[in-house]
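A.B. asks: sequence first, then the predicted structure:
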Amino acid sequence: MGNKPSHQKIQEERIVFLSKVNEVYRIPSLFYDSDKKIFMAFAEQRSTTDDASTKHLVLKTGTLKKEESTGVRTIEWSELKVVKEAHLDGYRPMNPCPVYEKTSKTLFLFFICVPNCVTESWQRFTGHNEARPCYITTKDGGLTWSGVTDLSHLPDIKRWATFAVGPGHGLQTESGKLIIPTYAYASRSTSYCCISCFRAVPHALTLCSNDKGSSWHFSKLIETKSVECEMAEVSDDHVYCNARSKGGYRVEAIDTGAGFKTLPSAKKLVETGGGCQGSVVSFPALSEGAMADSSQNKWLLYTHPSDQSNRINLGVYLNKSPQDPNAWSKPWIINSGPSGYSDLAYIEDGWFACLMECGVQKETEQIACEVFHYSQVEKGIAE
């Protein structure tokens, strides 16, 4: 693989969820359980590509396999399982977003529930927020799940035209704080006339817990207009946010403890068309000098379609100075051709996995997974 698209067909062994007539898979979400050494890949199962046609959240678990002769890593996936517990009667589940609490070894699977046939655009126009934040939990790698916890009582929700969690993954900081990336359409007016609701503006924010998931609260909205986001801890309780915009370039922000502050755009990370979700993870710096500097003890990896107009050519970008938007590398193209939403997971020892929407004719044909090493990233961005 390199920076020049090859347009080769996706290898069959990479496919995790394959769409077909009346069964479309979208919105990938990936978690690697370093305790159990398993992957958990989530997605929405839909009747069509339309957001309002979602039926279920689905799951496949995977184990990492190493080819001894070449050192290549691949993932062996289980059969598909419908996560039936992620359900409220009369609602469709959307936007899977897992976060792991390390002390209790509990995986929280967050999602939103939206009344069947109610769209985001309808909520934004009318100002009637119908989305409900929910989660279920598992301690055995998804073999069994708890019942649904509905957080729609949280007061902030009533002030928004609509909102969503993720999609993608959350994180737990070194201090133990649980963070779910979120975005909300906040009305510019307290009036609920159609005009003011139609002008509702999206802002990224977080859904947080400081007590290992016993209670949850929303942060303040990021001031800059922003949509779907993911976050990563770049040093002790310093959290980086990378968010979708309405076009042009991505929104980047950093929270050093007093709320998110938008970073000046270096125009290194293009936004695709009217916007597309992207993924970001932090990982231990891989040079002795960086490890010795407490302010630079983690680096960032980011995935997103690299074309400014179309959802094509998924790029992997590297940043060795996470609070500097100028430090982003050019992209290494990990998937040539149609590419959409993606989600990254750091495994260990410089290895990563990326779950991504992709295909030959369009990005909604399948969700595939690619395992790669940091050395491949370095080589790819150097070409």
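C.D. replies: Alright, I've got the coordinates. Treat the numbers as computed from the prediction; the structure is a model and nothing was measured.
A.B. asks: and the longest strand for the chain?
C.D. replies: strand 332-346 (DSSP state E).
A.B. asks: check which element follows it along the chain.
C.D. replies: Later in the chain than strand 332-346, the nearest helix or strand by DSSP states H and E is strand 351-358.
A.B. asks: show me what A243 bridges to in the sheet.
C.D. replies: Per DSSP bridges, the residues bridged to A243 are C229, V251.
A.B. asks: my guess is it contacts S226. True?
C.D. replies: Yes - counting by C-beta atoms under 8 Å, A243 touches S226, with 3.7 Å between them. In this view, the C-beta of every residue, glycine as well, is placed from N, C-alpha and C.
A.B. asks: what sits in contact with each of those two?
C.D. replies: By C-beta atoms under 8 Å, 6 or more residues apart in numbering, A243 and S226 have these common neighbours: Y183, A204, V251, A253.
A.B. asks: of those, which belong to strands?
C.D. replies: Secondary structure from DSSP E places Y183, A204, V251, A253 of these in strands.
A.B. asks: highest neighbour count among the residues you listed?
C.D. replies: A204 (27 neighbours; other C-beta atoms under 10 Å).
A.B. asks: mind listing the helices for the stretch 251-383 of the chain?
C.D. replies: 288-292, 374-382 (DSSP state H, counting those that start in this stretch).
A.B. asks: rank the ones you listed by pLDDT, which is bottom?
C.D. replies: Mean pLDDT values for the helices of the stretch 251-383 of the chain show the minimum at helix 288-292, a mean of 46.
A.B. asks: strands of the stretch 51-200 of the chain, start to end?
C.D. replies: Taking DSSP state E, counting those that start in this stretch to define them, one finds strands in the stretch 51-200 of the chain at 54-66, 73-77, 81-82, 91-101, 106-115, 132-138, 149-150, 160-165, 171-172, 178-186.
A.B. asks: partner strands of the first one, with direction?
C.D. replies: Listed by DSSP bridges, the sheet partners of strand 54-66 and their directions read strand 38-46 (antiparallel), strand 73-77 (antiparallel), strand 81-82 (antiparallel).
A.B. asks: so which of these is the most surrounded?
C.D. replies: Most buried of those, by mean neighbour count (mean count of other C-beta atoms under 10 Å): strand 38-46, with a mean of 25.
A.B. asks: at the geometric centre of the protein, which residue sits there?
C.D. replies: G168 (2.2 Å; C-alpha atoms, centre = their mean).
A.B. asks: correct me if wrong: G259 contacts C208.
C.D. replies: No - applying C-beta under 8 Å as the test, G259 and C208 come out as separate, 11.8 Å apart.
A.B. asks: neighbour-wise, which of these two wins?
C.D. replies: A count of neighbours by other C-beta under 10 Å puts C208 above the other of G259 and C208, at 17 against 14.
A.B. asks: I'd like the distance between that one and V270.
C.D. replies: Computed as C-beta to C-beta, to the nearest Å, the C208 to V270 distance reads 30 Å.
A.B. asks: ditto for Q277
C.D. replies: Counting by C-beta to C-beta, the gap from Q277 to V270 is 14 Å.
A.B. asks: nearest spatial neighbour of S187, skipping sequence neighbours?
C.D. replies: In space, and not counting its chain neighbours, S187 is closest to A200: 4.8 Å by C-beta to C-beta, 6 or more residues apart in numbering.
A.B. asks: what ranges of this protein fall below the confidence cut-off?
C.D. replies: 1-10, 188-198, 288-296 (pLDDT under 70).
A.B. asks: residues touching I112, list them.
C.D. replies: Counting by C-beta under 8 Å, 6+ apart, I112 has contacts P93, M94, N95, A131, R132, P133, C134, F163, A164, V165.
A.B. asks: now it. Nearest residue, chain neighbours left out?
C.D. replies: Leaving out its chain neighbours, I112 is closest to A131 (C-beta to C-beta, 6+ apart), at 4.7 Å.
A.B. asks: my guess is that neighbour contacts W122. True?
C.D. replies: No - using C-beta under 8 Å as the test, A131 is too far from W122 to be in contact (11.4 Å).
A.B. asks: so which of these two has more stuff around it?
C.D. replies: A131 (25 against 14).
A.B. asks: look up how far R311 lies from that one.
C.D. replies: 24 Å.
A.B. asks: and for T103?
C.D. replies: Using C-beta to C-beta, we find T103 at a distance of 39 Å from R311.
A.B. asks: what does F260 give?
C.D. replies: 27 Å.
A.B. asks: which one of the two is surrounded by more residues?
C.D. replies: It is F260, of F260 and R311, that has more neighbours when counted by other C-beta under 10 Å, with 28 against 21.
A.B. asks: tell me the contacts of the closest residue to the more buried one other than its chain neighbours?
C.D. replies: Nearest residue to F260 in three dimensions, chain neighbours excluded: A253, at 4.2 Å (C-beta to C-beta, 6+ apart). A253 is in contact with A204, I222, T224, S226, Y240, C241, A243, F260, K261, T262, L263, counting by C-beta under 8 Å, 6+ apart.
A.B. asks: which of the strands paired with strand 54-66 sits closest to W328?
C.D. replies: The closest of the strands paired with strand 54-66 to W328 is strand 73-77. By C-beta to C-beta, the value is 25.7 Å.
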